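> Sequence and computational prediction follow.
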Amino acid sequence: MKTSIATVSISGELPEKLEAIAKAGFDGVEIFENDFLAFDGSPRDVGRMVRDAGLEITLFQPFRDFEGMPEPHRARTFDRAERKFDIMQELGTDLVLVCSNVSPVSLGGIDRAAADFRELGERAAKRGLRVGYEALAWGRHIFDHRDAWEIVRRADHPNVGLILDSFHSLARKIDIGSIRSVPKDKIFIVQLADAPLIDMDLLYWSRHFRNMPGEGDLPVTDFVAAIAETGYDGYFSLEIFNDQFRGGSPKAIAADGHRSLIYLGDQVRRKSGAATLSVAPMPERAVVKGVAFVEFSVGEADAGQLIAMLHALGFRKTAVHRTKKVSVYQQGQIRILVNRESVGFASAAYAVHGTSAYAMALEVEDASAALARAVALGAEPFHQPVGPGELEIPAIRGVGGGLVYLIDGTSSLGKIWEVDFVPASDEGQPVPANLIAVDHVAQTVAYEEMLTWLLFYTSIFEAAKSPMVDIIDPAGVVRSQVVENRDGSLRITMNGAENRRTLAGHFIAEKFGSGIQHLAFRSTDIFKTAEALRANGFHTLPISPNYYDDVEARFGLEPQLTERMKAENILYDRDEHGEYFQLYSGTFAEGFFFEIVERRGYRGYGAANAIFRIAALRKQIRPEGVPAT
Ligand SMILES: O=C(O)c1ccc(O)c(O)c1
Ligand SMILES: [Mg+2]
């Protein structure tokens, strides 16, 4: 699969864009006229810069308002075209993108447009150039690729072809089966973009909300599968107009773009066996069976606070590492590792972020296959020296630079607890609290990073995203999105903070970056859990009494049940599948907290309760603007 991206997709000055694009692994780049105009060098300089970066210019664009013009406009558009051709020759590209006319003075008529393109094709041919026609979804007369194709077909000129852009076709829900009848040599290039489903004006949607394939809701995979069936083997070029990306990091956006294309190619290959895409085979998305452990980095001085919290939650120390200062606290299938090492990655993580859940381990079917897939998709593998005889667990860098370990039960990794650890007994004897598994891992990230991590998780692991939910914090909005697999053994919630004053934003600011902000454990009986927690001296997060009046009325609950929930600070929610109960710890370590949930069939995350949880937690953190003491 030959990959390309339009310069408009990325922030920065042209040289910076090109560097990021080349570094991300693209083969080609579309030069947007404005990026070229804003640059001080000549077209030759730009061409040289692109080639020096190891890239090919896939096309020059856009050329607007061309076809169907009445005189005297018509003569002028041809003059304009000749000027563009001059630039293209100096740049060193042979393809120009002509987007369908939006001018109110333009005239309709397929044969008129075809005649214009035939003449343009003649002029282009004299210079060895080619012209590609793209139907903008909001074109005045042509807004459907089927009509654009009819014009190209009637123009009947070897130097005139069709440009397909997934956004324009999918935004209008045009039957993509129609693509299959276009001969592959008449498809000059394919542009790709996804977008979230938002009901709005097509032009505005396109110019501000496009995103990388896989990040939005459009069926881009089906679109590419239809193109692959024609035998098309040219470039797939990302053309992403997105306000957020324009302000983002060039390197990160380019890397996301490349990952999205590799992932897309892989999906299409699996779906249709399309050989023309020639994407390197990689293992399938890794099936996650659960969270095997979560590891905290702590300092000697503050380890006690975390351990006291774990004890209060009913965890007991069951093992210690053979050579490292790492203890395992266990309950049900949950393992929490407490790392007090003063060298290595955990200690570096502690130095930057303080006490934090810097690593999680996902149990997959085949850890080395999962690692191979992650690396094929551009994830950064992580290695750290291990002691003699100890296992090296495959790992990749995840959110906030933290680690995602990959372990399985089939390789020697399944013996990690026997090989690297020795049993230990706990001096404390807390009452077990019916906690059986990690229900979900909640990561807080900057809003701009949400799509990056969404693509990271969903491309590597067998998991899907849920619709984004807005959570109202008294200091702003926090966007929340879930990545989960079908059986719920992988549940990651991501909260994107737009400003520092929200609870999530405070966490990022205080922790110097994104990371796991809370861990939710699943209980088999939350009331029994609450009882055990009380016996262990656990402090549940106090919830406003007003909440219980409302929840009783809203769901028609028995007053007896509401009373019990109120006594234990348990929150309630319900969906079409069942009921949900939640309770929280207070915060520690600059905003970290634990949650306990009981699911009685319920599939959500209690989003409606988040506002009450946030209000209660806010009371515990320092008042805004007051410096740490
Ligand atoms: O928004 C536009 O005008 C525009 C221009 C060129 C394109 O290729 C496109 O898809 C959109
Ligand atoms: Mg386009």
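That came through, no problem. Numbering: from 1, shown residues only. Ligands and ions are numbered 1, 2, ... in the order given.
> Could you list the buried residues of stretch 203-212?
Buried residues in stretch 203-212, defined by neighbour count with 16 or more other Cβ atoms under 10 Å: 205-206, 209-212. For glycine as for every other residue, the C-beta is placed from the backbone atoms N, C-alpha and C.
> Can you lay out those residues as TSV showing pLDDT, secondary structure and distance to ligand 1?
Below are the buried residues of stretch 203-212 laid out as TSV (pLDDT from 0 to 100; DSSP: H, G, I helix; E, B strand; the rest coil; distance: Cβ to the nearest ligand atom, whole Å):
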residue	pLDDT	secondary structure	distance to ligand 1
W205	97	helix	10
S206	98	helix	6
F209	96	helix	12
R210	98	coil	9
N211	97	strand	14
M212	98	coil	15
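> Can you tell me which of those is closest to E363?
For the buried residues of stretch 203-212, the minimum distance to E363 (Cβ to Cβ) is 28.5 Å, reached by M212.
> Which single one of the buried residues of stretch 203-212 is nearest to A553?
F209 (38.3 Å).
> List the beta-bridge partners for that closest one.
Per DSSP bridges, the residues bridged to F209 are N242.
> Enumerate the residues of the protein near ligand 1.
61-62, 97, 99, 134, 136, 165, 191, 206-207, 239 (Cβ under 6 Å from any ligand atom).
> what about 8 Å?
Residues of the chain lying close to ligand 1 by Cβ under 8 Å from any ligand atom are 6, 61-62, 64, 97, 99, 102, 134, 136, 163, 165, 167-168, 191, 193, 203, 206-207, 239, 241.
> now A530, what's its secondary structure?
Using DSSP: H, G, I helix; E, B strand; the rest coil, the structure places A530 in helix.
> Neighbours of it, how many?
Counted with other Cβ atoms under 10 Å, residues neighbouring A530 total 24.
> can you pull the contacts of whichever residue of the stretch 451-600 of the chain sits closest to ligand 1?
Using Cβ to the nearest ligand atom, the single residue of the stretch 451-600 of the chain nearest to ligand 1 is L451, 19.7 Å away. L451 is in contact with 211-212, 215, 244, 256, counting by Cβ atoms under 8 Å, 6 or more residues apart in numbering.
> mind redoing it with 10 Å?
194, 196, 211-212, 214-216, 242, 244-245, 248, 253, 256, 260, 465, 481, 494, 496 (Cβ atoms under 10 Å, 6 or more residues apart in numbering).
> how about stretch 241-253: buried residues?
241-242, 245, 248-253.
> Let's check: the centremost residue of this structure is which one?
For the chain, the residue nearest the mean C-alpha position is L454 (2.4 Å; Cα atoms, centre = their mean).
> thinking again about what came up before, could you list which of the residues of the chain next to ligand 1 belong to strands?
6, 61-62, 97, 99, 134, 163, 165, 191 (DSSP state E).
> can you give me the strands for the stretch 351-500 of the chain?
Counting by DSSP state E, counting those that start in this stretch, the stretch 351-500 of the chain has strands at residues 356-364, 381-382, 395-397, 403-407, 421-423, 435-446, 464-465, 469-473, 476-484, 491-497.
> wait, doesn't R130 sit right on G121?
Yes - the pair formed by R130 and G121 meets the contact definition of Cβ atoms under 10 Å, at 8.2 Å.
> Between those two, which contacts overlap?
157-161.
> List only those of these flagged as buried.
Counted by 16+ other Cβ under 10 Å, those give 157, 159-161 as buried.
> Now render those residues as JSON lines, adding pLDDT and secondary structure.
Formatted as JSON lines, these follow (pLDDT from 0 to 100; DSSP: H, G, I helix; E, B strand; the rest coil):
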{"residue": "H157", "pLDDT": "98", "secondary structure": "coil"}
{"residue": "N159", "pLDDT": "98", "secondary structure": "coil"}
{"residue": "V160", "pLDDT": "98", "secondary structure": "strand"}
{"residue": "G161", "pLDDT": "98", "secondary structure": "strand"}
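> Dump the residues you listed into CSV; add distance to N569 as well.
Formatted as CSV, the buried ones among the shared contacts of R130 and G121 follow (distance: Cβ to Cβ, whole Å):
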residue, distance to N569
H157, 74
N159, 72
V160, 70
G161, 66
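> give me every residue that touches the closest residue to ligand 2 within the chain.
Residue nearest to ligand 2 within the chain: D165 (3.6 Å; Cβ to the ion). Going by Cβ under 10 Å, 6+ apart, D165 touches 97, 99, 134-137, 145, 171, 189-193, 206, 210, 223, 237, 239.
> re the thing from before, now which of the residues of the chain next to ligand 1 would you call buried?
Here, 16+ other Cβ under 10 Å leaves 6, 61-62, 64, 97, 99, 102, 134, 136, 163, 165, 167-168, 191, 193, 206, 239, 241 buried among the residues of the chain next to ligand 1.
> Tell me how many other residues crowd E449.
Neighbour tally, E449, other Cβ under 10 Å: 23.
> If I look at it, what pLDDT would I see?
In this model, E449 is scored at 92, pLDDT.
> That one is in contact with G515, isn't it?
No - E449 is beyond contact range of G515, at 11.3 Å (criterion: Cβ under 10 Å).
> any residues in contact with both of the two?
The contact lists of E449 and G515 share 399-400, 443, 508, where a contact means Cβ under 10 Å, 6+ apart.
> ranking those by neighbours, who comes first?
Q443 (27 neighbours).
> and it, how far is that from Y329?
Going from Q443 to Y329 by Cβ to Cβ, to the nearest Å gives 21 Å.
> Then P158?
Taking Cβ to Cβ, one finds P158 at 71 Å from Y329.
> how much space between V419 and ligand 1?
V419 sits at a distance of 55 Å from ligand 1 (criterion: Cβ to the nearest ligand atom, to the nearest Å).
> Which residue is the nearest non-sequential neighbour of D470?
Once flanking residues are discounted, D470 sits nearest to V477: 5.3 Å by Cβ to Cβ, 6 or more residues apart in numbering.
> residues contacting that neighbour?
447, 470-471, 496-499, 502, 504.
> Confidence-wise, which of those residues comes last?
N499 (79).
> who touches that residue in this structure?
Contacts of N499 (Cβ under 10 Å, 6+ apart): 447, 473, 475-478, 505-506, 509.
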